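Student: Generate coordinates for the sequence data below:
(one chain, ligands or ions: 1)
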Amino acid sequence: MGKPPTKVGFREYAIYQIYPKSFRDTTGSGIGDLRGVIEKIPYIASLGIDMIWFNPFFVSPQRDGGYDVADYYNIDPAIGTMDDFDELVRALADNGIGVMLDMVLNHTSTEHEWFQKALAGDKKYQDFYIIRPPALGSGRPYPRRPARRAADGGLPTNWESKFGGPAWAPFGDTGNYYLHLYDPTQADLNWRNPEVRDEMVKIVNFWRAKGIHGFRFDVINVIGKAAELKSSAPGEDPRYMYTDGPDVNAYLQQLNAESFGQDPDSVTVGEMSSTSIQNCVEYSNPDNHELDMVFSFHHLKVDYLNGQKWSNVRFNPIDLKRTLNEWALGMQEGNGWNALFLNNHDQPRSVNRFGDPTTYRVESATMLATMIHMLRGTPYIYMGEEIGMTDPEYHSIDDYVDVEARNAYNALIDQGVDAAEAFAIVHSKARDNSRTPMQWDDSPNAGFTTGTPWLRPTNQEHINVAAEEQGGKILAYYKKLIRLRKQHLAISIGEYQPYQLDHPQVYAFTRTHEDEKLLVIINLSDKEIACDIPEDFATGEVLIANYPNPTVADTIQLHPYEALTLKKEVVA
Ligand code: NOJ
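Tutor: Coordinates of the predicted model:
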């Protein structure tokens with residue numbers, strides 16, 4: 001064995017994601033709270049994870065599950081108090097677990113005092129947002145040339161909001177419009193204004209002063225909008241007009257230098273919307289002093305029909321493995337770093353999407369976990385994933401709460417899609433699929449609340465933590481994956497190489513660090529499939545497998561959704 005590097009840091013982390021609203025409610029309000037997380041620390045610690053990413057719990061009108069922040073410096077009273085927060089951070093630290101906060105810095109809630117002051121006519125705060133006159137005056141920033149209704153040529157650009165409908169809304173009764181790439185209550189901030197950037201630094205430093213070292217930056221690659229905003233040409237995708245703009249890198253470098261970059265042990269991840277490998281290399285290559293790692297989403301668009309999220313088609317394994325492979329190789333080549341995940345609060349559950357929630361739930365959940373934890377990058381586990389939680393079995397659009405799902409359903413109906421088909425589409429892609437309460441036990445509200453849960457669980461009778469802890473296979477498998485990551489540098493920092501890339505159902509790759517070499521073999525299908533094993537692995541050790549006693553020779557006959565990791569025999 002060669003000498004391991006002294007600092008592997010976030011590369012050997014496993015990060016657990018908690019959607020606080022759905023984790024554990026201690027008050028009977030039906031909404032999860034910070035004290036609920038404190039209560040569950042023994043469970044969280046038993047997983048062996050290093051850090052928790054919490055979805056935002058700052059003061060918010062909750063139009064978009066807390067991604068509409070009205071006050072960055074306070075905890076939403078529905079979720080807890082600052083004392084609860086401080087206690088939580090201390091208690092987690094006592095268990096060796098760090099905290100990663102979700103910084104929503106691209107936009108604020110329209111209830112934020114900056115937006116309210118802007119609406120009231122305060123020029124300083126008007127320049128905090130992106131306010132433009134109607135199309136005829138396109139490009140001229142408000143308020144130098146206040147537009148008159150009569151001259152209104154329509155919205156400043158033809159951009160669509162990511163939640164449907166136009167990306168512009170009237171700015172009070174001024175005749176101008178403000179940009180909102182998301183819900184109309186989420187107004188985009190003007191990062192071109194140095195005062196806005198100073199405020200962003202101040203927010204991060206406030207939480208750093210409270211001992212926080214982890215930060216996730218929400219949709220951070222859309223902060224760099226040009227001064228002059230233009231409509232896209234017919235047939236052109238407007239997203240590229242505001243994504244990965246030329247100033248994003250400089251803004252991140254400033255944030256890094258003036259805040260988290262001053263902590264040697266900071267851990268940062270940026271959520272990158274509709275991005276490219278090249279851009280993600282730049283954001284996460286340590287030489288650029290921007291972020292440690294990035295979330296990208298190309299691999300979660302393999303079940304979009306013609307690039308449309310609101311479609312209901314099954315993925316093709318070859319597309320998934322090719323995309324993951326391309327990103328693994330590209331990021332490695334550019335010395336970037338991936339945040340690895342299939343599940344989060346915006347995605348349907350991976351077992352439904354890429355596995356089989358009925359016949360092969362255990363096998364497919366553990367197979368998908370193997371893939372994520374063995375790729376090159378830092379794995380994220382979204383609460384409930386470790387017990388194989390699935391999408392809820394809802395039967396009516398009224399069961400869904402999320403603004404995006406409801407807008408999408410209405411838009412589909414408006415387009416003439418019949419109600420059953422529209423429901424099936426929403427059912428397959430809604431973000432609420434992953435936002436249902438954590439299933440602690442088999443009681444009517446899954447041990448989440450004594451009140452009425454804000455979103456209904458549906459299958460806690462057979463999928464819950466208590467059952468998993470009494471001999472279930474998925475939880476134990478996750479714990480083993482997390483343990484192995486700390487024991488094998490080949491997993492945390494090893495070089496990635498694909499193996500048999502053209503195999504239509506099997507995704508295989510090697511991870512190599514010095515003289516340790518691992519071969520990961522994953523059957524992405526429900527079929528029995530043969531896969532060749534290179535000679536030097538045929539007599540190797542099985543590090544982890546999701547079927548008992550796999551027989552490895554020069555060929556292996558894989559069961560449905562089988563996954564195994566072999567360690568090459570080292571010849572002395
Ligand atoms: C990405 C977050 O993950 C999502 O939940 C949110 O709706 C958008 N950013 C807007 O903040």
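Student: Only C-alpha atoms from now on, for both contacts and neighbour counts.
Tutor: Will do.
Student: Can you pull out the residues in contact with stretch 504-515?
Tutor: 1-2, 317-318, 321, 374, 489-491, 493-501, 517-525, 531, 570 (C-alpha atoms under 8 Å, 6 or more residues apart in numbering).
Student: What about those residues, which are in helices?
Tutor: If you go by DSSP state H, those have 317-318, 321, 374, 489-491 in helices.
Student: tell me the contacts of the residue in the stretch 451-572 of the chain that the ligand sits nearest to?
Tutor: Of all residues in the stretch 451-572 of the chain, Leu455 sits closest to the ligand, at 15.9 Å by C-alpha to the nearest ligand atom. Residues counted as contacts of Leu455 (C-alpha under 8 Å, 6+ apart) are 399-401, 435-437.
Student: what helix or strand does Gly30 sit in?
Tutor: Of the helices and strands defined by DSSP states H and E, none includes Gly30.
Student: I figured Ser60 hits Asp71, correct?
Tutor: Yes - under the criterion of C-alpha atoms under 8 Å, Ser60 makes contact with Asp71 at 7.1 Å.
Student: Tell me which of the two has more neighbours.
Tutor: Ser60 (26 against 17; other C-alpha atoms under 10 Å).
Student: Show me what secondary structure element comes after the one helix or strand in the chain whose mean pLDDT sits lowest.
Tutor: Lowest by mean pLDDT, DSSP states H and E among the helices and strands of the chain is helix 535-538, with a mean of 90. Heading C-terminal from helix 535-538, the first helix or strand you meet, by DSSP H and E, is strand 541-545.
Student: Give me the contacts around that next one.
Tutor: Contacts of strand 541-545 (C-alpha under 8 Å, 6+ apart): 481, 562-569.
Student: and if you look at stretch 463-476?
Tutor: Contacts for stretch 463-476 (C-alpha under 8 Å, 6+ apart): 362, 365-366, 386-389, 439-442, 446.
Student: One more: stretch 394-404?
Tutor: 63-65, 163-164, 406, 409, 423, 427, 430-432, 455-456, 458.
Student: and the spatially most central residue of the chain, what does it touch?
Tutor: Residue closest to the average C-alpha location in the chain (C-alpha atoms, centre = their mean): Asn344, at 4.8 Å. In this structure, Asn344 makes contact with 17, 381-382, 434, judged by C-alpha under 8 Å, 6+ apart.
Student: again, only this time at 7 Å
Tutor: With contact taken as C-alpha atoms under 7 Å, 6 or more residues apart in numbering, Asn344 is in contact with 382, 434.
Student: ditto for Trp114
Tutor: Taking C-alpha under 7 Å, 6+ apart, one finds Tyr125 in contact with Trp114.
Student: quick one: secondary structure of it?
Tutor: helix (DSSP: H, G, I helix; E, B strand; the rest coil).
Student: Tell me the pLDDT of it.
Tutor: Here, the pLDDT recorded for Trp114 equals 99.
Student: got it, and Arg148?
Tutor: Looking at Arg148, its pLDDT reads 41.
Student: For Tyr382, which residues are in contact?
Tutor: Residues counted as contacts of Tyr382 (C-alpha under 7 Å, 6+ apart) are 16-18, 343-344.
Student: of these, closest to the ligand?
Tutor: Asn344 (8.0 Å).
Student: on that earlier part again, so which of the contacts of strand 541-545 sit within strands?
Tutor: Judged by DSSP state E, strands contain the following of the contacts of strand 541-545: 563-567.
Student: who wins for neighbours among those?
Tutor: Ala563 (28 neighbours).
Student: Measure how buried the residue nearest to Phe128 when sequence neighbours are not counted is and give me the count.
Tutor: Setting aside the residues directly before and after it, Phe128 is nearest to Asn190 in space (C-alpha to C-alpha, 6 or more residues apart in numbering), at 5.2 Å. Applying other C-alpha under 10 Å, we find 24 residues neighbouring Asn190.
Student: ok, now Ser46?
Tutor: Ser46 has 10 nearby residues by other C-alpha under 10 Å.
Student: Quick check on it: phi, psi?
Tutor: phi -70, psi -20 (degrees, to the nearest 10).
Student: before we move on, the earlier item: okay, buried residues for the least confident helix or strand of the chain please.
Tutor: Buried residues in helix 535-538, counted by 16 or more other C-alpha atoms under 10 Å: 537-538.
Student: cool, and stretch 554-562?
Tutor: By neighbour count with 16+ other C-alpha under 10 Å, stretch 554-562 contains the buried residues 556, 558-562.
Student: now the residues you listed in a markdown table, with pLDDT?
Tutor: Shown next, in a markdown table, are these (pLDDT from 0 to 100):
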| residue | pLDDT |
| --- | --- |
| Ile556 | 94 |
| Leu558 | 97 |
| His559 | 98 |
| Pro560 | 98 |
| Tyr561 | 98 |
| Glu562 | 98 |
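Student: I'm done for today, thanks for sticking with me.
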